[in-house]
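In: A predicted structure for the sequence below; I have some questions about it.
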Amino acid sequence: MRTTRNRRAALALPLGLLALLAAPLAFSRGPKPALALVGARIYPAPAAAPILDGTVVLSGGKIAAVGPRAGVAIPAGAQELDCKGLVLTAGFQNSHVHFTEDSWAGAGSQPASVLAGHLQAMLTRYGFTTVVDTASSLENTAALRRRVESGEVPGPRIFTAGEGLYPPDGIPYYLKTTLPAVVLSQLPQPRSPQQAVDVVENHVRGGSDIIKLFTGSWVKRGTVLPMPEEIATAAAATAHRHGKLVFSHPSNLAGLEVAIRAHVDVLAHVLDDARGLTPRHLERMKEQNMAVIPTLKLFDHPPYLFELLDEVRDYSRLGGQILFGTDVGYLTDYDPTTEYELMESAGLGWRDVLATLTTNPAQRFGEAARRGRIEPGLDADLVVLAGDPAAYPRNFVDVRYTIRGGRVIFSAPSRPAACLRRGICPSTVTPWIRGRCTSWAIEAGAGEAREPA
């Protein structure tokens, strides 16, 4: 029997949503009732004009119809969700996460409700319907993914690298101080091209979707050890033969050179040591169609932050592809607000940022015909925002609903009506985040600088 507190929480939800959340741990089991999102401002794609007072109908895990409210027929028996005053975009992808915190241990046997809570706190409450785990225990993350895809645990679609590949004797110093010796001993450090091939083959058999190479590893403060080029090249070629993307952790110019020569597809970070970087390096990256995940929040510390912003700005202006990613899971502050702020500081407009979350990753992962836009026939992965990012880009974090496969997997708790207008709390003129009013201001130099994972 529900407690009074639970009854009150239930009554705070829109009535049309209650049926959708009645069995949240079985979100993909059984037939999926049609869902109509009615009255929203819809951004079908980053470059598209908005549809005002629009309706989207979801059915069978796909987008069935989209258009102005007057022109879209809602099927009989469909659930309706009133989205008046809200904004609708395609589901977001976070292209750099980690399932390495202690909370993920034993993912194959943890209670489903516990895992669902972790996924919500870290990912789905921020609109992420797809995530890329760039290094973790392959066995454990694969178990988590199976439980999500079975419908037992509501969560995002998960791509994983499994364990990253490091240079010989090249485990980063910051991992040596945080991981148990037994785990460190199992991290791959191939010493020859054949060993690199064998590691990649094992990863692919174990379920890896991407391969992560530490082409430059911080073996101690101030010292980056590059991966031997022949090892990186063998690993990347093997991954590509299996149709897998290759991600690189470059760290500095030497690590970038290895990544370029090995034909890596994605830089998992900007260069946090950018000494020696020239426009020609960026041109070579663009010539090889390399994407970049800035993870600027990780480096939000003077004095070199401005150089990193320049990296992102210059590569974006060159036409290089940018993917959104936060290194969350390594970073224990899950809130992506600072990443959005810093991307804006790097010169990316709200449409550019939306592309890094939607169409860019869909294209990079070869799924542009499946997801990334709001269009009939595409996956019913959507985000409903309380505010318009066109007016206030940091509204990207003000997620009201996250929808995957046509089912609501996150619903924000109700908030005071005065705080729903553009995400602003009038008492302090600051946004409402994480259930309280807080400032958007970036405190330069706050916190301790960290090396990337």
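Out: That came through fine.
In: Skipping its backbone neighbours, what lies nearest residue 379 in space?
Out: Once flanking residues are discounted, residue 379 sits nearest to residue 371: 4.5 Å by CB to CB, 6 or more residues apart in numbering. Every C-beta, even on glycine, is put in place using the N, C-alpha and C of the backbone.
In: list the contacts for the closest residue to residue 250 other than its chain neighbours?
Out: Distances taken as CB to CB, 6+ apart place residue 256 nearest to residue 250, at 4.4 Å, with adjacent residues excluded. Shown in contact with residue 256 (CB atoms under 8 Å, 6 or more residues apart in numbering): 215, 216, 250, 267, 271, 277, 281, 285.
In: Throw those residues into TSV and include pLDDT, distance to residue 294 and neighbour count, thanks.
Out: Shown next, in TSV, are those (pLDDT from 0 to 100; distance: CB to CB, whole Å; neighbours: other CB atoms under 10 Å):
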residue	pLDDT	distance to residue 294	neighbour count
215	98	17	38
216	98	17	29
250	98	13	30
267	98	9	27
271	96	11	24
277	96	14	18
281	98	16	18
285	98	13	21
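In: Off-centre distance for stretch 236-250?
Out: In terms of CA atoms, centre = their mean, to the nearest Å, the centre of stretch 236-250 is set 19 Å apart from its chain centre.
In: related to what we said a few turns ago, from the contacts of residue 256, pick the one nearest residue 81.
Out: The closest of the contacts of residue 256 to residue 81 turns out to be residue 267 (CB to CB; 38.4 Å).
In: now that closest one: how far from residue 322?
Out: Computed with CB to CB, to the nearest Å, the distance linking residue 267 and residue 322 is 10 Å.
In: What count of nearby residues applies to residue 242?
Out: 13 (other CB atoms under 10 Å).
In: so what's the nearest residue to it once chain neighbours are set aside up against?
Out: Nearest in space to residue 242, with sequence neighbours left out and distances taken as CB to CB, 6+ apart, is residue 204 at 4.9 Å. The neighbours of residue 204, taking CB under 8 Å, 6+ apart as the test, are 239, 242, 244.
In: How confident is the prediction for the second one, by pLDDT?
Out: The pLDDT attached to residue 242 in the predicted structure is 98.
In: rewinding a little: identify, from the contacts of residue 256, the entry nearest to residue 408.
Out: Closest approach between the contacts of residue 256 and residue 408, by CB to CB: residue 267, at 34.2 Å.
In: Would you mind naming the residues that bridge with the closest one?
Out: Taking DSSP bridges, one obtains residue 248, residue 292 as the residues bridged to residue 267.
In: Please tell me how far it sits from residue 103.
Out: Here residue 267 is placed at a distance of 28 Å from residue 103 (CB to CB).
In: do residue 151 as well
Out: Residue 151 sits 21 Å away from residue 103, taking CB to CB as the criterion.
In: Now do the end-to-end distance for stretch 236-253.
Out: Counting by CA to CA, to the nearest Å, you get 19 Å between the two ends of stretch 236-253.
In: what's the closest non-adjacent residue to residue 363?
Out: residue 372 (7.2 Å).
In: ugh, typo on my part, it should be residue 251
Out: Once chain neighbours are set aside, the closest to residue 251 by CB to CB, 6+ apart is residue 216, at 3.4 Å.
In: mind listing what that neighbour touches?
Out: Residues near residue 216 by CB under 8 Å, 6+ apart: 224, 225, 226, 227, 249, 250, 251, 252, 254, 255, 256, 258.
In: quick one: which of these is nearest residue 409?
Out: When those are ranked by distance to residue 409 (CB to CB), residue 249 comes first, at 30.0 Å.
In: Hmm, residue 164 and that closest one touching each other?
Out: Yes: Residue 249 lies in contact with residue 164 (CB atoms under 8 Å); the separation is 7.1 Å.
In: Now do the shared contacts for those two.
Out: In the contact map built from CB under 8 Å, 6+ apart, the residues linked to both residue 249 and residue 164 are 212, 213, 214.
In: Which one's more surrounded, residue 249 and residue 164?
Out: Per other CB under 10 Å, whichever of residue 249 and residue 164 has more neighbours is residue 249, with 27 against 24.
In: sorry, back to before: check the spacing between the residue nearest to residue 251 and residue 249 real quick.
Out: Distance from residue 216 to residue 249, counting by CB to CB: 7 Å.
In: okay, and the common contacts of those two?
Out: By CB under 8 Å, 6+ apart, the residues touching both residue 216 and residue 249 are residue 255.
In: What is the least confident helix or strand in this structure?
Out: Across the helices and strands of the chain, the lowest-confidence element by mean pLDDT, DSSP states H and E is helix 4-11, at a mean of 30.
In: May I have the phi/psi pair for the residue nearest to residue 293 when sequence neighbours are not counted?
Out: Using CB to CB, 6+ apart and skipping residues adjacent in sequence, the residue nearest residue 293 is residue 325, 3.8 Å away. Taking degrees, to the nearest 10, you get phi -170, psi 150 for the backbone angles of residue 325.
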